[in-house]
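Undergrad: I need the structure of the sequence given here:
(2 chains)
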Amino acid sequence: MATAVHPAAAVPATAAPAPPRPPPVRAALGHVPQLHAALLKSGELTASPKSFHSLLEAAAHGASPAQLSYAVRLFRLGPRPPLSVPCYNVLMRAFLRAGHLEDALHLFVEMLDAASIWPDQHTVACALKLCSRIVSLDAGRGVQAYAVKRGLMVDRFVLSSLIHMYASCGDVAAARLLFDAVEEKGVFMWNAIIAGYFRNGDWKEVVQLFKGMLEVGAPFDEVTLVSVATACGRTCDSNLGKWIGGYVEEKVMLGNRNLVTALVDMYAKCGELGKARSLFDGMQSRDVVAWSAMISGYTQADQCQEALALFSEMQVAEVEPNDVTMVSVLSACAVLGALETGKWMHSHIRKKCLPLTVVLGTTLVDFYAKCGCIDSAVEAFESMPVKNSWTWTALIKGMASNGRGREALELFSSMCKASIEPTDVTFIGVLMACSHSGLVEEGRQHFDSMTQDYGIQPRIEHYGCVVDLLGRAGLIDEAYQFIRAMPIEPNTVIWRALLSSCAVQKNVEVGEEAFKKIISLDRSHSGDYTLLSNIYASVGRWKDAAMIRKEMKDMGIQKTPGCSLIELDGVVFEFFAEDSDHPQLREIYEKVEEMIGKIKVAGYVPNTADARLDVDECEKEVSVSHHSEKLAIAFGLMKLRPGATIRLSKNLRVCTDCHSATKLISKVYNREIVVRDRNRFHHFKDGSCSCNDYW
DNA sequence: GTAGGGTTAG
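TA: Numbers count the residues shown, from 1 in each chain, chains lettered A, B, ... in the order given. As a prediction, the model looks like this:
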């Protein structure tokens, strides 16, 4: 092998001694031109390939575009010694670092074409990185073929880069084959393979791999922990998650913001909101991702008020929210039915020109639909540049729950025409549409078509929709037979759907049967007893009705407290039945009395079937009048500007008494009232409801 | 001479 001879060594001994020169140093950034000039002047630049390489590297290492172009001129124009492979490598790395992928690619091709240049393991590692960046499996395979031909597959940098290339181009299986074949795996390889599974959302495999690492004592670093902690959150593996949390605290890694954010996310997803929050509060600096992680933690844990409160704090801290943050806060608004707050979020999105991504747009559609503003939902839907099956599904479900079944079905057929593949959830929306609008035949057809035309196996939720569809349409026996023929074991949701249909249809026999089934699975749900009792009462079997209520009382089954939410000036107020917490309770009760008095004149007769059990008969009327909805409506009448729509959302289904009362209130007070219950919307106007009393 | 990470919807 030829050895590069330093020109100084070739100088005859008799010649005058050369002045002492500093050894080729890597110049500090910014001193490149001076170094360049010095080397030119001494003649070393062209005489010493090593010096040229150092200068090139010094120039290429700089971060600025000016320095990179300096390096390119040095490389292309010279004066310089003949180019070596390391020089090419230096420039290629610089192109990659600067994100000039095309230039890097051209340089690589140039190397392959040059007669005297043989790309080495450094080049190959670089080229593979390039393939990962441009996500080109084909190019990556080509580079691998070259590496094999040149016997470079023993180099651990080449192997790591190759594993990374396959993993980031989506071929995790190929990455895994290579990975498994390597005996001595370093952190790079472990992180590359973990990142591959991470990218594919294969959280379980990420966790498995890490457990394997711990077993064999493989090395890991903070980046490994970020991926694994995130995966623990997604798989709810709180044991491993806590182990990582403890490790991070012990090893004093809490200064790593990404890692702590991953832990915040992990704790929140494992249900440890308190732990997540204390980590979050202890962070030295919180960027938008950290805030978003904590906010989404609250939203996903159904602590929506906390999510919105934290968003306010984020604004006080002057951290600009991004599209991801807005997704979480809008979902929170959707859950709370906080229309005004959500509208503010929407205008904020517009004002800040945040990108209307598919996810954000879908969240907006869902938000408006869940607030009963179906027209705004349609507007948001139409404004989206890109929609996917989630977007269509959100609107279909929104239409369905707002009682616009026909339109939901039309949307579904437009969706199919647009070649957007429906999913299992889409069909839940379609079946809900049929069920809420009494479209029995269409429902049957869609249910069959789902399996036959789309190969989607019905889940228990789909069966539930069909039971609901048949039962509410009065086809109780068919619904019952349908349940008996189900290939999967019916759960309480299925039997409950049947029971509530029986309550609507006053069917004692099947109702008793459904009740028995429910009790055998879960006897703790107060609503079931109420429904059966109501069925008895509706056919005049008062003794049986009373017996069921006594049974419930004896067993100590508590009614789930009814809760209604109403938003006023961006603040969400919560009302519970017999609420005793509100500062203006007296005025609210007076307003309720006024309301009841006025609607009685219009024909309202209290229905005490849903009254509390622990009061005597004459108090029941008062008890019913203090249902959370009536308190919230009274509050709305007191506080909202005249004529404004009263919107509330509640945790249970609307009871019969509140339903008939609200219809009359809408007429007597000439107000639109929109109530979202746990299943659907009721738009009350002029004494009638959009559900046509079918709910 | 190597790579890499955290937040989002029906």
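Undergrad: tell me the pLDDT at A:R97?
TA: Note on A:R97: pLDDT of 87.
Undergrad: what about it, neighbour count?
TA: If you count neighbours by other Cβ atoms under 10 Å, A:R97 ends up with 13. Any C-beta I mention is one placed from the backbone N, CA and C, and that applies to glycine too.
Undergrad: pull the contacting residues for it.
TA: For A:R97, the contact set (Cβ atoms under 8 Å, 6 or more residues apart in numbering) is empty.
Undergrad: what segments of chain A are strands?
TA: For chain A, applying DSSP state E gives strands covering A:563-568, A:571-576, A:646-650, A:673-676, A:681-685, A:688-689.
Undergrad: most packed of those strands?
TA: strand A:646-650 (a mean of 25; mean count of other Cβ atoms under 10 Å).
Undergrad: what helices and strands are in contact with that strand?
TA: strand A:563-568, helix A:628-639, strand A:673-676 (3 or more Cβ pairs under 8 Å, 6 or more residues apart in numbering; DSSP states H and E).
Undergrad: around DNA strand B, pick out the residues from the stretch 101-250 of chain A.
TA: Those residues of the stretch 101-250 of chain A that sit near DNA strand B, judged by Cβ under 7 Å from any atom of the strand, are A:121-122, A:125-126, A:129, A:132-133, A:155-158, A:160-161, A:164, A:168, A:186-188, A:191-192, A:195, A:198, A:221-224, A:226-227, A:230, A:233.
Undergrad: just the buried residues of those residues.
TA: A:121-122, A:125-126, A:129, A:132, A:155, A:157-158, A:160-161, A:164, A:168, A:188, A:191-192, A:195, A:198, A:223-224, A:226-227, A:230, A:233 (16 or more other Cβ atoms under 10 Å).
Undergrad: one step back: tabulate the strands of chain A in a markdown table, adding columns for distance to A:I494 and mean pLDDT.
TA: What follows is the strands of chain A, written out as a markdown table (distance: least, Cβ to Cβ, whole Å; pLDDT from 0 to 100):
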| stretch | distance to A:I494 | mean pLDDT |
| --- | --- | --- |
| strand A:563-568 | 26 | 87 |
| strand A:571-576 | 30 | 87 |
| strand A:646-650 | 24 | 89 |
| strand A:673-676 | 24 | 91 |
| strand A:681-685 | 23 | 89 |
| strand A:688-689 | 26 | 90 |
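Undergrad: and the ones you listed as a markdown table, adding distance to DNA strand B?
TA: Converted to a markdown table, the strands of chain A look like this (distance: least, Cβ to the nearest atom of the strand, whole Å):
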| stretch | distance to DNA strand B |
| --- | --- |
| strand A:563-568 | 17 |
| strand A:571-576 | 18 |
| strand A:646-650 | 14 |
| strand A:673-676 | 13 |
| strand A:681-685 | 14 |
| strand A:688-689 | 23 |
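Undergrad: just put these in CSV and tack on distance to A:D477.
TA: Putting the strands of chain A into CSV (distance: least, Cβ to Cβ, whole Å) gives the following:
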stretch, distance to A:D477
strand A:563-568, 36
strand A:571-576, 39
strand A:646-650, 32
strand A:673-676, 32
strand A:681-685, 29
strand A:688-689, 28
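Undergrad: no further questions, thank you.
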